[in-house]
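Okay, predicted coordinates and the sequence, questions at the end:
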Amino acid sequence: MLKGKNIILGITGSIAAYKSAELTSQLVKLGANVTAIMTKAATHFISPLTLSTLSKNKVITDLFETPLNSEVEHINLADKADILLIAPATANIIGKIAAGIADDFLTTFALACKSPILIAPAMNERMYLNPILQENIKKLKKQGVYFVEPEVGNLACGEQGIGRLADVHKIVAAIESILKPTSPLKGKKILITAGGTQEPIDPIRYIGNRSSGKMGYALAGVAKEFGAEVTLISAPTQLEPPAGVQTIFVETASQMRDEVLKAFPTVDIVISAAAVADFSPKEIKTQKIKKTTLPLVIELEKTIDILAELGQKKQVPGLKPVPDLKSVPGLKPDKILVGFAAESENLISNAKAKLKEKNLDLIVANDIKTAFGKDTTQVTIITKDGECEELPLLSKTETAREIMKKISKFLDR
Ligand SMILES: Cc1cc2nc3c(=O)[nH]c(=O)nc-3n(C[C@H](O)[C@H](O)[C@H](O)COP(=O)(O)O)c2cc1C
């Protein structure tokens with residue numbers, strides 16, 4: 001599908017620049033026409049001769065090398081580009097593009113480029129997790145720039161962590177998915193819950209949990225990327241909702257249930273990634289409880305299990321839809337229900353039991369010790385057909401992509 005595509009490959013001054021040779025070879029093998037643009041720093045890591053030999057095209061390294069009477073090369077090239085891929089992308093180039101700086105060929109080209117831009121960062125973990133860099137990435141994502149997340153592993157500096165350039169096949173897959181005319185979830189409506197609910201005790205205190213909402217928000221962003229119409233029902237988090245996602249904010253388990261039940265009849269897929277409280281105070285005090293109120297006993301009652309309720313409402317193959325859903329206009333009966341099992345012991349057996357008990361199609365099992373609050377996670381995806389796939393430790397966005405691919409396959413069955 002990359003046959004005849006004009007791919008402009010920006011290469012910057014990262015130790016991973018040598019991998020751009022393999023990337024170029026792969027893209028050329030798939031029939032793409034690759035033109036490499038190298039920053040000055042990149043030429044310290046890999047020779048332009050290597051790239052021009054592999055791409056069979058001239059490699060651009062200097063904004064001012066074009067003779068004055070020829071066409072303006074960065075504009076001309078921008079017009080025919082199908083995609084600009086920057087791999088590896090330094091913290092520097094990401095910052096410059098986010099700030100609109102155009103002080104060399106690659107940055108000038110990026111500003112002039114109307115085609116999709118895909119960035120594959122590569123750097124030390126501290127650089128990658130630096131809030132300034134993360135702000136820049138967020139800003140670019142908002143502008144529609146695509147990112148292939150770096151991987152977790154050994155870094156060139158000798159440290160371990162997130163920051164390794166994504167695998168070449170992942171970068172190629174990302175280009176294919178961006179240039180692909182249709183998206184796997186196009187026309188599908190998806191409901192995602194995220195965050196940790198807060199159950200009030202009195203006007204200022206609540207019972208909460210440690211969920212950051214990062215997994216649910218990543219799922220919402222990826223579902224959008226896959227072409228779905230996304231509704232995110234979010235309990236409190238510190239996160240900004242992904243662009244183009246309809247977000248409804250709630251606080252308590254009961255509010256979450258109300259909003260989920262409202263949206264449920266008309267969606268095709270539900271992913272329940274929120275950490276919904278299992279218990280809430282039986283009585284909410286209207287006045288702040290005084291320090292002197294001792295002994296203090298807060299009586300709790302069970303909240304309603306939203307996912308189990310959805311499992312009951314979902315149509316079971318071969319059976320008629322539950323009556324209260326039959327009468328809903330625009331009802332989509334065959335829904336895919338996806339749950340999360342955050343467990344501290346017997347992870348897989350508990351997850352499998354939950355999948356069955358709640359009538360789910362898929363369950364994502366993760367160990368609460370490795371997932372809560374972090375940017376990375378290690379999960380196992382279990383399907384109702386008995387498939388059980390253990391994923392490696394990945395960023396939550398990468399994990400979300402793998403989950404969404406599994407869901408897309410379910411839809412194709
Ligand atoms: C040995 C070495 C390795 C480097 N690796 C990286 C890297 O992986 N990622 C990064 O963001 N910067 C890295 N840098 C720093 C960049 O080369 C530097 O910020 C440079 O200004 C980037 O210029 P450019 O973005 O125009 O290519 C490295 C520098 C050196 C000397």
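Now that the structure is in, tell me what you want to look at.

and whichever residue of the stretch 151-300 of the chain sits closest to the ligand, how many neighbours?
At 6.5 Å from the ligand, Ala156 is the closest residue in the stretch 151-300 of the chain, using Cβ to the nearest ligand atom. Quick note: C-beta positions are derived from backbone N, CA and C, even for glycine. Under the neighbour criterion other Cβ atoms under 10 Å, Ala156 is assigned a count of 14.

In terms of helix, strand or coil, where does Ala166 fall?
Assigned with DSSP: H, G, I helix; E, B strand; the rest coil, Ala166 falls in the coil class.

And the nearest residue to it once chain neighbours are set aside, how far from the ligand?
With Cβ to Cβ, 6 or more residues apart in numbering as the criterion, Ala166 has its nearest non-adjacent residue at 4.4 Å, and that residue is Val148. Plainly put, Val148 is 15 Å away from the ligand if you go by Cβ to the nearest ligand atom, to the nearest Å.

low pLDDT regions in the stretch 201-350 of the chain?
Per-residue confidence for the stretch 201-350 of the chain (pLDDT under 70) gives these ranges: 315-333.

Strands of that one, residue ranges please.
Under the criterion DSSP state E, counting those that start in this stretch, the stretch 201-350 of the chain contains strands at 206-207, 229-234, 246-249, 269-272, 279-281, 300-302, 336-343.

and Gly13, helix, strand or coil?
Three-state assignment for Gly13 (three-state DSSP): coil.

isn't it right next to Met38, touching?
No. Using Cβ atoms under 8 Å, Gly13 is not in contact with Met38, being 9.0 Å away.

Tell me how many other residues crowd the residue lying closest to Asn130 once chain neighbours are set aside.
Take Asn130 and drop its neighbours on the chain: the residue closest to it by Cβ to Cβ, 6+ apart is Ala91, 7.4 Å away. Ala91 is surrounded by 21 other residues when neighbours are defined as other Cβ under 10 Å.

What pLDDT is listed against Ala91?
In this model, Ala91 is scored at 98, pLDDT.

More neighbours: which of Gly13 and Met38?
In this comparison of Gly13 against Met38, neighbours counted by other Cβ under 10 Å, the higher total goes to Met38 at 27 against 18.

pLDDT score for that one?
The score at Met38 is 97. That number is its pLDDT.

Who are the contact partners of it?
By Cβ atoms under 8 Å, 6 or more residues apart in numbering, the contact list for Met38 reads Gly10, Ile11, Thr12, Ile46, Pro48, Leu51, Val59, Ile60, Thr61, Leu106.

Now the phi/psi pair for Ile298, please.
The phi and psi values for Ile298, taken as degrees, to the nearest 10, are phi -110, psi 110.

and the nearest residue to it once chain neighbours are set aside, how many neighbours?
Nearest non-adjacent residue to Ile298, counting by Cβ to Cβ, 6+ apart: Pro281, 5.3 Å away. Number of residues near Pro281 (other Cβ under 10 Å) recorded here: 18.

Please apply the same query to Glu283.
10.

rewinding a little: make CSV out of the strands of the stretch 201-350 of the chain and add distance to Ile175.
Written out in CSV, the entries for these read as follows (distance: least, Cβ to Cβ, whole Å):
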stretch, distance to Ile175
strand 206-207, 46
strand 229-234, 23
strand 246-249, 29
strand 269-272, 26
strand 279-281, 47
strand 300-302, 49
strand 336-343, 27
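
Surely Ile201 touches Gly208?
No. Applying Cβ under 8 Å as the test, Ile201 and Gly208 come out as separate, 10.5 Å apart.

ok, those two, which is more surrounded?
When Ile201 and Gly208 are compared on other Cβ under 10 Å, the one with more neighbours turns out to be Ile201, at 19 against 16.

Got phi/psi on that one?
With angles defined as degrees, to the nearest 10, Ile201 shows backbone torsions of phi -100, psi -50.

Can you tell me who the residue nearest to it when sequence neighbours are not counted pairs with across the strands?
Leaving aside its chain neighbours, Ile201 sits nearest to Pro281 (5.2 Å; criterion: Cβ to Cβ, 6+ apart). Pro281 forms beta bridges with Leu300, as assigned by DSSP bridges.

list the contacts for Pro281?
Glu199, Pro200, Ile201, Ile207, Ile298, Glu299, Leu300, Glu301.

Could you identify which of the residues you listed has the most neighbours?
Most crowded among the contacts of Pro281, counting by other Cβ under 10 Å, is Glu199 at 23 neighbours.

In space, what's closest to that one - neighbours in sequence excluded?
What sits nearest to Glu199 in space, not counting adjacent residues and going by Cβ to Cβ, 6+ apart, is Ser280, at 3.8 Å.

Identify the residues contacting that neighbour.
Applying Cβ under 8 Å, 6+ apart, the residues near Ser280 are Glu199, Ile207, Thr252, Ala253, Ser254, Leu300, Glu301, Thr303.

neighbours around the closest residue to Pro392 other than its chain neighbours, how many?
Spatial nearest neighbour of Pro392, chain neighbours left out: Gln378 (6.7 Å); criterion: Cβ to Cβ, 6+ apart. Each residue near Gln378 was counted by other Cβ under 10 Å, and the total is 17.

pretty sure Gln378 contacts Lys369?
No. If you go by Cβ under 8 Å, Gln378 and Lys369 don't touch, sitting 10.3 Å apart.

Averaged pLDDT, the lengthiest helix in the chain. What do you get?
The helix that spans the most residues within the chain, counting by DSSP state H, is helix 396-412. In this model, helix 396-412 has an average pLDDT of 88.

That'll do, ta.
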